[in-house]
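**Q** The amino acid sequence is not available; the structure is as follows:
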């Protein structure tokens, strides 16, 4: 009896599904069982179709197993390629992200360098210390994170601390007193004469140990500011992040250049207005300032006195001891005069051995007291010049604004006449 083809198809589906769902042994058992059923049903009238189906059902598990194995290998290969592609994609994303970050960092650095260039341009247009330091401190607070920055200016020739300026976030820069930390940094920089970059990541640094005893800090940069071959000052900054080191060094380098320019400009300016021997004002500068004081006294209706001072018998001393000794005497007397005057008073070298003094806000009586103090101070002094000991006296003539005149010429002429009277009365006098 021939079985219904539908039954064969159902058997086929059962064996095929089992072959994909279960192990090969189980699918072979199922195939053998179905083949046995077919054989039993067709045992009386076995036909070649039944034999073909029995053989077909017997090989289905092997065909399905072969296909399943190939498909699994294909899936594994595809999964591997997918993972490789995904890893490559992730790597490309990471590279792209890194490149983007690098571009942003480069753009940020370019902006910072451009900003530093503009700051440098602003500083280069200034000729006073106050102006360039104000620009520098503003740029420092705007562009960097830090705890404290200080500028320590040194006084030649011994390179001792002359002034200290402090910069803090949220505050204007201010002049302050030097502390032990300033002194220790100055000591180290004068020893090393180079930049100092310290961080607690470098704990083996001897300078870090020396400074940490005085004050705690995370990072420190100290830069010597050189002018004419000497250290004119030291700029240092505390607790600045390492990422800002490079830009701070650029800004500090620009500040150092501008500070050197200001120092040289002031030196040239001082040479133009200061007498090189006596270190008081030159005649031209004194007369300019004297004219300003007269106009101020006119405007505010205040007193003003003028002193004309002459060294007694200075020519004879020059002839006797020589010009080198005479120069020492001139310089020492100028220092005595300066030390006995107020900061607001103006003193200048009027001629060879003549000095002139403008006393703002002082009348004739007060001027007489000042002149007498100057005269007696010089009289009490003995000047050591080379192997000589020299004493000297001065004579002083006084004029007062507005009684003796309301302009430079009349006041100078009046004081000159008073000086002549002092000479006539025997010198070493005030008239």
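**A** Here it is on my side, so go on. Since the structure is predicted, the reported quantities are computational estimates derived from the model, not experimental observations.
**Q** ranges for the helices of the stretch 251-400 of the chain?
**A** Secondary structure of the stretch 251-400 of the chain (DSSP state H, counting those that start in this stretch): helices located at 283-300, 314-321, 323-339, 364-379.
**Q** Ignore what I typed, I meant the stretch 51-200 of the chain.
**A** According to DSSP H, counting those that start in this stretch, the helices that the stretch 51-200 of the chain contains are 129-143, 180-192.
**Q** other SSEs contacting the last one?
**A** Counting contacts by 3 or more CB pairs under 8 Å, 6 or more residues apart in numbering; DSSP states H and E, helix 180-192 packs against strand 148-155, strand 160-167, strand 196-199, helix 206-214, strand 219-227, strand 230-238. Any C-beta I mention is one placed from the backbone N, CA and C, and that applies to glycine too.
**Q** could you redo the last one with a cut-off of 6 Å?
**A** Where contact means 3 or more CB pairs under 6 Å, 6 or more residues apart in numbering; DSSP states H and E, helix 180-192 is packed against helix 206-214, strand 219-227, strand 230-238.
**Q** For it, which outside residues touch it?
**A** Residues outside helix 180-192 that contact it (CB atoms under 6 Å, 6 or more residues apart in numbering): 152, 164, 207, 211, 214, 215, 222, 224, 234, 236.
**Q** Let's have these in a markdown table, adding distance to residue 356.
**A** A markdown table is the format used below for these (distance: CB to CB, whole Å):
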| residue | distance to residue 356 |
| --- | --- |
| 152 | 37 |
| 164 | 36 |
| 207 | 52 |
| 211 | 51 |
| 214 | 49 |
| 215 | 50 |
| 222 | 45 |
| 224 | 41 |
| 234 | 40 |
| 236 | 44 |
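**Q** Give the buried subset of these as a PyMOL selection command.
**A** Selection of buried members from the contacts of helix 180-192 for PyMOL, criterion 16 or more other CB atoms under 10 Å:
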select buried, resi 152+164+207+211+222+224+234+236
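**Q** of the contacts of helix 180-192, closest to residue 344?
**A** residue 164 (25.2 Å; CB to CB).
**Q** Hmm, residue 174 and the closest one touching each other?
**A** No. Under the criterion of CB atoms under 6 Å, residue 164 makes no contact with residue 174, lying 9.6 Å away.
**Q** To what extent is residue 188 buried, counted in neighbours?
**A** Residue neighbour count, defined by other CB atoms under 10 Å, stands at 18 for residue 188.
**Q** Can you give me the distance of it to residue 219?
**A** Applying CB to CB, to the nearest Å, the value for residue 188 to residue 219 is 16 Å.
**Q** Make TSV out of the helices of the stretch 251-400 of the chain and add mean pLDDT, distance to residue 347 and mean neighbour count.
**A** Shown next, in TSV, are the helices of the stretch 251-400 of the chain (pLDDT from 0 to 100; distance: least, CB to CB, whole Å; neighbours: other CB atoms under 10 Å):
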stretch	mean pLDDT	distance to residue 347	mean neighbour count
helix 283-300	93	8	15
helix 314-321	85	17	15
helix 323-339	91	6	17
helix 364-379	94	10	17
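**Q** And those: which comes nearest residue 385?
**A** helix 323-339 (3.7 Å).
**Q** so the closest one versus helix 364-379, what angle?
**A** 140 degrees (axes from the mean of the first three to the mean of the last three CA atoms, to 10 degrees).
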